[in-house]
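Novice: this one's sequence-less:
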């Protein structure tokens, strides 16, 4: 609750505080709008990634079926046990409007060639490359969704603060100012009446 006495000094101080609170509310509203806009852009990006991922996964499994028909189940199983790709994953913080947001960077590269470079089994390597593209897209989605989640948390906090200022603090200050103004006006009226009475006595 706001503590005040009904005098002009407190009236001036409360007006100053209310002005600061309203400025803070404007800043928070701008922050809220920017965060919301950024989150919506990220959601669009994730949806595009997911659409592409579905296409790549479907393509990869179709290629895998062809590899099965081409080389046989046993050969595919043996190939799947051997690492052909390696990856590096790094996570660091990047600032967005002063908000620390995790940024994921990765690198995937081939560490060995196919077992038999002159093999007629071409679909094995094509399928493997296609699945690695799917892995890259999954990492892209994860990285983007982490950012959206972090910004959504900050958006929630900002909305709570805006609502608190708009529905609690500002109304309380405005009511306090109204009470002080009413009290001061009443005091002025009483003073005028008293002055008139004193004037009429003389």
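Specialist: That came through fine. In this text, all values refer to a predicted model and were calculated from it rather than measured experimentally.
Novice: When you work out contacts or count neighbours from here on, use the C-alpha atoms and nothing else.
Specialist: OK.
Novice: Report the central residue of this structure.
Specialist: residue 151 (1.5 Å; C-alpha atoms, centre = their mean).
Novice: Which helix or which strand is home to it?
Specialist: If you go by DSSP states H and E, residue 151 is part of helix 122-164.
Novice: Over to residue 19. Which of the three states is it?
Specialist: The local conformation at residue 19, judged by DSSP: H, G, I helix; E, B strand; the rest coil, is helix.
Novice: Count the neighbours of it for me.
Specialist: Here the number of neighbours of residue 19 (other C-alpha atoms under 10 Å) works out to 13.
Novice: Same question for residue 82.
Specialist: Summarising burial for residue 82: neighbours were counted as other C-alpha under 10 Å, giving 11.
Novice: The residue nearest to the centre of the chain: what's it in contact with?
Specialist: Residues touching residue 151, when contacts are defined by C-alpha atoms under 8 Å, 6 or more residues apart in numbering, comprise 35, 39, 99, 101.
Novice: tell me which of these is nearest to residue 194?
Specialist: The closest of the contacts of residue 151 to residue 194 turns out to be residue 35 (C-alpha to C-alpha; 58.8 Å).
Novice: if I look at the closest one, how far off is residue 144?
Specialist: Taking C-alpha to C-alpha, to the nearest Å as the measure, residue 35 falls 15 Å from residue 144.
Novice: returning to what we had before: which pair in the contacts of residue 151 spans the largest distance?
Specialist: Greatest spacing in the contacts of residue 151, by C-alpha to C-alpha: 39 and 99 (13.4 Å).
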